[in-house]
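Peer 1: One predicted model, sequence on top.
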Amino acid sequence: NNFATCSIRLVLHSILSLRVRFVVVQTQAYLRGSLLPTHLHTFSAPGRWALTLAVLGLGHRFLNRTNHVVRYASEAAMPFYLLHMTFSVLTGYFAIQLDAPVMLKYPLIVLVATGLTLVAYELIRRWNVTRWLFGMKSINKAMPVASNAKLERQAF
């Protein structure tokens, strides 16, 4: 098992290092104004796979714990997914009409849409009917819904 793990790491490291070298060569060629030969693009797909596997491995290693933030985010995933597009479109509709540069509009849309989604989620999670409508488990009367302040106190 240890040999297999080391072998996989060696292969992933090799592919990632090839990908990094390819990006450097590609950037240098772009700056010179020349195009790369087609056969160099063969390193691109394995590099993407290696990067994807590396990110998944890092997530498994560092995010494989349970705490109040993970529990809150896990419960919020479905309602957040269902609500975010609505608020993104609404915010985008009004932000586009502003006379401001795109570099200001984009963060405005992201921050306002995320804020509205979180506020809507906080309202949805308080009643069993709305919890059911958004695919969440119902809460027992003996188990009150935790507020953010209570979750923050539990962390300390």
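Peer 2: Looks like it came in fine. Numbers count the residues shown, from 1 in each chain.

Peer 1: Poorly predicted segments of the chain, please.
Peer 2: 1-8, 12, 15-16, 18-23, 25-26, 28-31, 33-45, 47, 141-156 (pLDDT under 70).

Peer 1: Helices of that one, residue ranges please.
Peer 2: For the chain, the helices defined by DSSP state H cover 2-32, 44-62, 68-96, 102-124, 128-133, 148-155.

Peer 1: List the buried residues in the fourth one.
Peer 2: In terms of neighbour count (16 or more other Cβ atoms under 10 Å), helix 102-124 has its buried residues at Lys105, Ile109, Val112, Ala113, Leu116, Thr117, Leu118, Ala120, Tyr121, Ile124. Backbone N, C-alpha and C define where each C-beta goes, glycine included.

Peer 1: Ok, the third one next?
Peer 2: Buried residues in helix 68-96, defined by neighbour count with 16+ other Cβ under 10 Å: Ala76, Pro79, Phe80, Leu82, Leu83, His84, Phe87, Ser88, Thr91, Gly92, Ala95.
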